[in-house]
Each structure stands twice: as C-alpha cells, then as structure tokens.
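Colleague: A predicted structure for the sequence below; I have some questions about it.
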Amino acid sequence: MSGAPPPALDDTTGNGRGGRGFVRRVGPFQATAINMSQMCGIGPFVTIPLMVAAFGGPQAVTGFVAGALLALADGLIWAELGAAMPGSGGSYVYLRQAFQYRTGRLMPFLFVWTAMLFIPVGMSTGIVGLVQYLGYLAPGMGQTTGDLVGLGIIALVIALLWRGIEHIARITAVMWVVMLVSVGAVILASATHFDADMAFTYPANAFELTSNHFWIGFAGGLTIGIYDYLGYNTAAYMGAEIKNPGRTLPRAIIFSILGIMVIYLLLQIGTLGVIDWHRMTDPADIASTSVASAVLEETWGKGAADVVTVLILVTAFASVFAGLLGGSRVPYDAARDRVFFRPYARLHHRHRFPTLGLATMGVVCAIGFMVGRHTDLATLIQLLTTVMVLVQALAQIAAVTVLRRRQPGLRRPYRMWLYPVPSLVALVGWLVIYGYADKNSPGRHPIEWSLVWLALGCVAFLVWARCEKVWPFGPKEISEEYLDAPEGGAVSNDNAPAQPDGSARPTAP
C-alpha cells in the first residue's frame, strides 16, 4: 500500500478546490488503475507472515476478506463525499465542509496535522519491507547495516525529490507494471506447486468464536488487512481532475477493492499452499521476512527468486518515492488555504516544490523506519492505523451524517447504498481495530500515542488560531462552496463575498 494522496497540480490559475485550475481528464479506467496502484505496493509481500502470525494458522485468509469488507463499507462513505464534493484534497475538503459550523477549521487542521504522521509512517513501513527483502539477497547483512541502508534509501528519495522530479504519473505506471509482474510471478509459481492440504488444513479450534484469543487475532488481522487495502480512496484526492465524478469515483473505489481482494486471496492462498505456515512465524526462517522470495526459491529455484526479489525492491522504492512526493503537498495545500502554518506554503525558488513539507515528512519517515526496525512491523502498522482512525476514518463517518443534516440541498450524484448500514459497519470495524490496538501490541501503547498526538494537534491548532485570529479567537468562517455548485465542481471562490485577505466571509456562530 502507498497511503498518500497524489500531488496536486500547481494551481497558479485557480482556487484548487472547485477545479478552475484543473482539467477533468481522468476516466473510470484510469481512476481504478490509480487506486489499485496505490493499494498494492510492497504491502502484501511483507504482511502475509504477519497475518498468519495474528491468526495462528492458514485461516489467515479471513483477515484479507474482513479487510475487504471494511474497505468496501468505508469506501462507500468516500464515494458519497467524493461524488458530492469533487475537489482536490479528499478528507481535507470533506472535514472542512462538515465541521466548520461548530469547530471552525479545527478538523481540517487536525487532519493535516495527523497526515504529517500517518503518511510518512506508512512510507516507513515500505522501507522496512525493502530492507527485509534486501536481506534475502544479502543474508549476511546485520541490524546496524540494515538500519544504515534504510536511512540511506530515505535520504536518496528525499535527494531525488529535492531535485524537482515531477513525472509522478510515469513512475506510478512503472511501479504498477513491476508490481503486477511481481505478484503474477508469485501467484503463478505457487499454482504450479500448490498443496491443498497445506493451505486448507486448519489448527484445532481455529474458528472458535467464543474464544477471546480468536477475537484478538481477528482484530490484529483486520488491522493488517485494512492496511493492505489503504489507497482505495486515492482517486477521491484527485476529485477536481476526475471526469463525471458522480459516477466515476464510486465505481473506481468499488472495482479497485474487489480487484485487489482477488489478487490478495490468490497470493495468500497460493503462498500457504507452498510454504508451511509454521515457517512464516519463525523469526529465524527467511519465509517470515521474505515470503515471496521463499515461494519462488521453493518452486522455480534461487535464480527466479533473486529476480523477483529485485522487482519487489523496485516496487518498494517507487512506492515510497510516490508517497512522499504526494504527501509533502498535503500541508502545502492547507497552508496555502490558511488552514495550517504559513511556512508550509513556501515553494522552492527554482524547482517549485514544498520544501518544508518534504523535509518534515522525510524526518518522520526516518524516525518511523527506526521504530519499525527496533520494535516490529506489526507495531508500526498499529500506530499508523490508530492515528488515522481518529481524525480521518471516524470523522468521515460523522461527516456523512452531518452534511446530510446541515446541507440537505447538496447535490449528491451518488448516495450511499443502504444508508446508514455501511456507516455502521465501518464504525464497528474501525472501533474494533482501535479498541484492540494495545492488546495486539503489548507494551507499545499505540492508543496512548495516538491520543498524545491528537492532544498535541489541538495545542498546535490553538497556537495557530491565535496567530491567525480565527475561531476560537475570531469569528467562524462558513463557506458552503459546493452547496450550489454545478455538476462536476464547486463554484469559484470569486463568486462569494471575501475578506480583504482573500478568506471566506466570516459568519456568526
């Protein structure tokens, strides 16, 4: 998975929200491909052993199915919000519109604050996976050497991005092709040497629903599963560039989730049919860190395993490259819209990229990598998801209901099927992930760390709001820019009354 939104186009002629500076040129096929390319990076290659360890056997396929169901339920929330408000920014736009009535700019600020943690932490999991697979090619690499290699790769990514590399679409396309070849090779190799008894022989009491052990394992597997599906919302971040977003976005979200679910199930079941699941839980076995390489070595030999491992390394590097490139634009967009600290709105004088955003996320990525290397990857994934659950997942579930009440006249080309059932399913799923986080990471306290980060974000907001003289230190600013929007976009901000500094008209609470 990549987890980061794609970078916004340099909006020099428009407001960047309704699309005046963007061209709607991305159709259904392209939007689905973009989602799938972001969903399937190195994630499945490193999480299959984690999923098996969480469930304690080959019943681990349940985790990928459960993750797909949660992704579908949450995806329908993204579909309704994205179709109704097809602007650049995704969650940033939806939370700003839904929560501006009571808390001003607090929620979009907290989203950006949190994105500056969960985007680079997500990228750091890719670096951890990269170093794990590099260990297959260099088995003598020690802990310190692996740490230095990972930090060096992060520094290389930042150095390349600092030079103003802008052809992200081409890099994403290459990553997508390399990923397909890698996954296809593993699935094909496992199919040629598949042992059904190995894949479908479950331990005793594997599905004992009355056991607390089962539910702890299920919650851990659900967390890993949804981590692998993250990216199904990528096209929603590009809402201002999507053709006919009311139809395209819902289809792209649903089709991408179903397509990736098929790929993951084939990969998981095929792997379990070649490698005994006990090997995946043994830290001394290469199958626990480089399971795809182990499958290729077991079936087609060491040479094929080496080739596929190199392809996986390329996939991991390209995913981190694309993720940090896109993620660094999130605080830039918000700062430019006066919803985050102003220094983040500065661009490099020559290459025109957000320097502070890129530098900050590079540092957080490096810290996340070291945490993942010296604890474990599962703990890093727990931290990533708990932080994201509070400010993005749960907040957007509330945003759907709030907007239906606050803006009943909002044009909704797509309305969530069976509302509010998908919202309730998503709510239960995210609460299970959050509630069991500490039990699945004993001694690591991901819930406590997520609450600390949220509290720090609230303090940062108060400092920022005091400097900017906005709510709670100034009037609220209500901007219902999508309420009377024509099909496919928001009304230009030029049509609304504005303050001398260009901000929206302040409105009394």
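Modeller: It's in.

Colleague: Export the strand or helix carrying residue 72 to CSV, keeping only CA atoms.
Modeller: Assigned by DSSP states H and E, residue 72 belongs to helix 61-84. Taking C-alpha atoms only, helix 61-84 is exported to CSV below (Å, rounded to 0.1, in the frame of the first residue of the first chain):
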residue,chain,number,x,y,z
VAL,A,61,-7.2,-15.6,4.7
THR,A,62,-10.1,-14.4,6.8
GLY,A,63,-8.2,-11.3,7.5
PHE,A,64,-8.0,-10.2,3.9
VAL,A,65,-11.7,-10.9,3.4
ALA,A,66,-12.6,-8.9,6.6
GLY,A,67,-10.3,-6.1,5.4
ALA,A,68,-12.1,-6.0,2.1
LEU,A,69,-15.5,-5.8,3.8
LEU,A,70,-14.3,-2.9,5.9
ALA,A,71,-12.7,-1.2,2.9
LEU,A,72,-16.0,-1.6,1.0
ALA,A,73,-18.1,-0.1,3.8
ASP,A,74,-15.6,2.8,4.3
GLY,A,75,-15.3,3.1,0.5
LEU,A,76,-19.0,3.9,0.1
ILE,A,77,-18.5,6.8,2.6
TRP,A,78,-15.7,8.1,0.4
ALA,A,79,-17.9,7.6,-2.7
GLU,A,80,-20.7,9.7,-1.4
LEU,A,81,-18.4,12.5,-0.1
GLY,A,82,-16.2,12.5,-3.1
ALA,A,83,-19.1,12.5,-5.6
ALA,A,84,-20.8,15.4,-3.8
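
Colleague: Which elements pack onto it?
Modeller: helix 43-55, helix 212-229, helix 234-237, helix 245-272, helix 394-406, helix 421-435 (3 or more C-beta pairs under 8 Å, 6 or more residues apart in numbering; DSSP states H and E). From N, CA and C alone the C-beta is placed, and that goes for glycine too.

Colleague: Could you rerun that using 7 Å?
Modeller: The helices and strands touching helix 61-84, judged by 3 or more C-beta pairs under 7 Å, 6 or more residues apart in numbering; DSSP states H and E, are helix 43-55, helix 212-229, helix 245-272, helix 394-406, helix 421-435.

Colleague: Quick check: which of those is buried the most?
Modeller: For these, the largest average neighbour count (mean count of other C-beta atoms under 10 Å) is found in helix 43-55, namely a mean of 27.

Colleague: now it and helix 245-272, what's the angle there?
Modeller: 60 degrees (axes from the mean of the first three to the mean of the last three C-alpha atoms, to 10 degrees).

Colleague: Could I get the average pLDDT for helix 43-55?
Modeller: Mean per-residue pLDDT for helix 43-55: 90.

Colleague: mind starting the numbering at 433 from now?
Modeller: Understood, numbering begins at 433; the last thing we discussed is helix 475-487.

Colleague: Which helix or strand lies directly C-terminal to the helix holding residue 504?
Modeller: Downstream of helix 493-516, the first helix or strand assigned by DSSP H and E is helix 523-535.

Colleague: Whatever helix or strand comes next after that next one versus helix 523-535: what angle between them?
Modeller: Going down the chain from helix 523-535, the next helix or strand is helix 538-569, by DSSP H and E. Using the same axes, to 10 degrees, the direction of helix 538-569 lies 150 degrees away from that of helix 523-535.

Colleague: roughly how far is the helix or strand following helix 538-569 from the heart of the chain?
Modeller: Note on helix 538-569: by DSSP H and E, the next helix or strand toward the C-terminus is helix 575-594. Relative to the chain's own centre, helix 575-594 is displaced by 21 Å; criterion: C-alpha atoms, centre = their mean, to the nearest Å.

Colleague: tell me the mean pLDDT for helix 575-594?
Modeller: 92.

Colleague: Summarise which helices and strands it is packed against.
Modeller: Partner elements for helix 575-594 (3+ C-beta pairs under 7 Å, 6+ apart): helix 538-569, helix 734-759, helix 787-806.

Colleague: Quickly, which of the ones you listed bottoms out on average pLDDT?
Modeller: The minimum mean pLDDT among the helices and strands packed on helix 575-594 belongs to helix 734-759 (a mean of 86).

Colleague: May I see the buried residues of that helix?
Modeller: Neighbour-count burial for helix 734-759 flags 736-737, 740-741, 743-759 (criterion: 16 or more other C-beta atoms under 10 Å).

Colleague: for stretch 872-882, same thing?
Modeller: Of all the residues in stretch 872-882, those buried under the rule 16+ other C-beta under 10 Å are 872-873, 876-879, 881-882.

Colleague: before we move on, which element is residue 707 in?
Modeller: Per DSSP H and E, residue 707 falls between elements, in no helix or strand.

Colleague: need the contact list for it.
Modeller: Shown in contact with residue 707 (C-beta atoms under 7 Å, 6 or more residues apart in numbering): 719, 723, 726-727, 730.

Colleague: any idea of the angle the helix holding residue 504 forms with helix 523-535?
Modeller: Interaxial angle of helix 493-516 relative to helix 523-535 (the same axes, to 10 degrees): 70 degrees.

Colleague: Residue 899: how many residues sit nearby?
Modeller: Neighbour count for residue 899, taken as other C-beta atoms under 10 Å: 11.

Colleague: can you pull the buried residues of the helix or strand harbouring it?
Modeller: Counting by DSSP H and E, the element that carries residue 899 is helix 878-900. Of all the residues in helix 878-900, those buried under the rule 16+ other C-beta under 10 Å are 878-879, 881-882, 885, 889, 893, 896-897, 900.

Colleague: what does the average pLDDT come to for it?
Modeller: When pLDDT is averaged along helix 878-900, the result is 93.

Colleague: do the same with stretch 614-627
Modeller: 93.

Colleague: pull the CA atoms of that stretch into CSV?
Modeller: Only the C-alpha atoms of stretch 614-627 are listed here, as CSV (Å, rounded to 0.1, in the frame of the first residue of the first chain):
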residue,chain,number,x,y,z
SER,A,614,6.0,-9.5,-9.1
VAL,A,615,2.6,-10.6,-7.8
GLY,A,616,1.8,-12.5,-11.0
ALA,A,617,5.1,-14.4,-10.7
VAL,A,618,4.4,-15.4,-7.1
ILE,A,619,0.8,-16.5,-7.9
LEU,A,620,1.9,-18.5,-11.0
ALA,A,621,4.8,-20.1,-9.2
SER,A,622,2.6,-21.1,-6.3
ALA,A,623,-0.1,-22.5,-8.6
THR,A,624,2.4,-24.8,-10.2
HIS,A,625,3.4,-26.4,-6.9
PHE,A,626,0.2,-26.0,-4.9
ASP,A,627,-0.6,-28.3,-2.0
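
Colleague: Mind listing residues that contact it?
Modeller: So stretch 614-627 is contacted by 472, 695, 698-699, 702-703, 705-706, 724, 727-728, 730-732, 740, 743-744, 747 (C-beta under 7 Å, 6+ apart).

Colleague: one more time with 8 Å
Modeller: When contacts are defined by C-beta atoms under 8 Å, 6 or more residues apart in numbering, stretch 614-627 is touched by residues 472, 476-477, 695, 698-699, 702-703, 705-706, 724, 727-728, 730-732, 736, 740, 743-744, 747.

Colleague: Just the buried positions in stretch 632-647, please.
Modeller: Buried, per 16+ other C-beta under 10 Å, within stretch 632-647: 638, 646.

Colleague: wait, I meant stretch 566-574
Modeller: By 16+ other C-beta under 10 Å, the buried positions in stretch 566-574 come out as 566-568.
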